[in-house]
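1. quick one: sequence plus predicted model below, questions after.
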Amino acid sequence: MQRQPNMLDSLTLLIEKVFLFTNFNLFSTISTDKNANYFDWTSFQRGDLLEVPRTLFIHFGIYLGDDKVAHLMPDILPVFTNDERQIQEVVTNKRLLLGVLSKTASIRIDTVEDFAYGSSIIVNHMDNILNTQQLPNEEVARRAEKLVGATPYSLLWNNCEHFVTYCRYGQPVSLQTDKFCNVLKMIIQDQRSVMLTAILGIISILYLGLAPSTTLPTILIPFTLWMAS
């Protein structure tokens, strides 16, 4: 007779998956001093794929020439105003995070300095990773320019890496989210994890009261499923 999984087995399974999830290298720190790194943008070629480390993931853009970079940025501000002067200001962390949560973004053009935001820039690194022939640089730049404007945002399915890989290689992919997606699929496919997380969160709130340590289990899975959609 097959043994039915008990609460201890389910709890062990959840802990294992959370441990695996937290070991995904999602967060990194960067300098917020915009003068901390020097880059010579005059050496960039129109159509180059640029990447810089940001607080979350790696940020990507396409160089358009004349100190201009096209890149996809989550931003909540266009939802509330059409003032181009306000929107064109450098996106703050608050605007970015609210844009991620609301799934709103735009493909915008900024200077190299504003795009880098104090970090060093890597040029065409993806060419050595993807086994795909890159398009001619002029076509890459024109693709990026045609896409400038508002766009839906998804952390996993339509982010800045999807934008640049579509422009440069003709196919939108995001290598840095592949590992995250694999872990996420494991969690989603196992309904025990979803149900158990909600149950444990509710029980902990009822017995221990509202606190970050008790509410986290309740919101972790629903939030992850929301961001994955």
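-> That came in fine, so what should we check first? Worth saying up front: this structure is predicted, and the values here are computed from it rather than measured.
2. give the buried residues for the strand or helix carrying Y63.
-> In this assignment (DSSP states H and E), Y63 forms part of strand 58-65. For strand 58-65, the neighbour count (16 or more other CB atoms under 10 Å) marks 58-64 as buried. For the C-beta atoms, the positions are set from N, CA and C on the backbone; glycine is no exception.
3. residues contacting P172?
-> Applying CB atoms under 8 Å, 6 or more residues apart in numbering to P172 gives the contacts 158, 162-163, 165-166.
4. among the residues you listed, which ones are in helices?
-> Those of the contacts of P172 mapping onto helices are 162-163, 165-166, per DSSP state H.
5. which one among these gets closest to S154?
-> S154 has its nearest neighbour among the ones in helices among the contacts of P172 in H162, at 8.6 Å by CB to CB.
6. wait, the closest one sits on V173?
-> Yes: if you go by CB atoms under 8 Å, H162 and V173 touch, sitting 6.9 Å apart.
7. which one of these two has more residues nearby?
-> H162 (19 against 15; other CB atoms under 10 Å).
8. what's the spacing between the more buried one and V123?
-> The spacing between H162 and V123, counted by CB to CB, to the nearest Å, is 19 Å.
9. same check on L130?
-> Counting by CB to CB, the gap from L130 to V123 is 15 Å.
10. tell me where this protein has strands.
-> Here the chain has its strands, by DSSP state E, at 49-53, 58-65, 68-74, 104-111, 122-123, 149-152.
11. of all those strands, which one is nearest R142?
-> When the strands of the chain are compared (using CB to CB), the closest one is strand 58-65, at 9.4 Å.
12. the inter-axis angle of that closest one versus strand 104-111?
-> 50 degrees (axes from the mean of the first three to the mean of the last three CA atoms, to 10 degrees).
13. angle of strand 58-65 against strand 68-74?
-> 150 degrees.
14. in CSV: the buried residues of strand 58-65, plus pLDDT.
-> Below are those laid out as CSV (pLDDT from 0 to 100):
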residue, pLDDT
I58, 88
H59, 92
F60, 96
G61, 97
I62, 98
Y63, 98
L64, 98
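15. turn these into JSON lines, columns for distance to A116.
-> As requested, the buried residues of strand 58-65 are exported to JSON lines (distance: CB to CB, whole Å):
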{"residue": "I58", "distance to A116": "12"}
{"residue": "H59", "distance to A116": "9"}
{"residue": "F60", "distance to A116": "12"}
{"residue": "G61", "distance to A116": "9"}
{"residue": "I62", "distance to A116": "14"}
{"residue": "Y63", "distance to A116": "11"}
{"residue": "L64", "distance to A116": "15"}
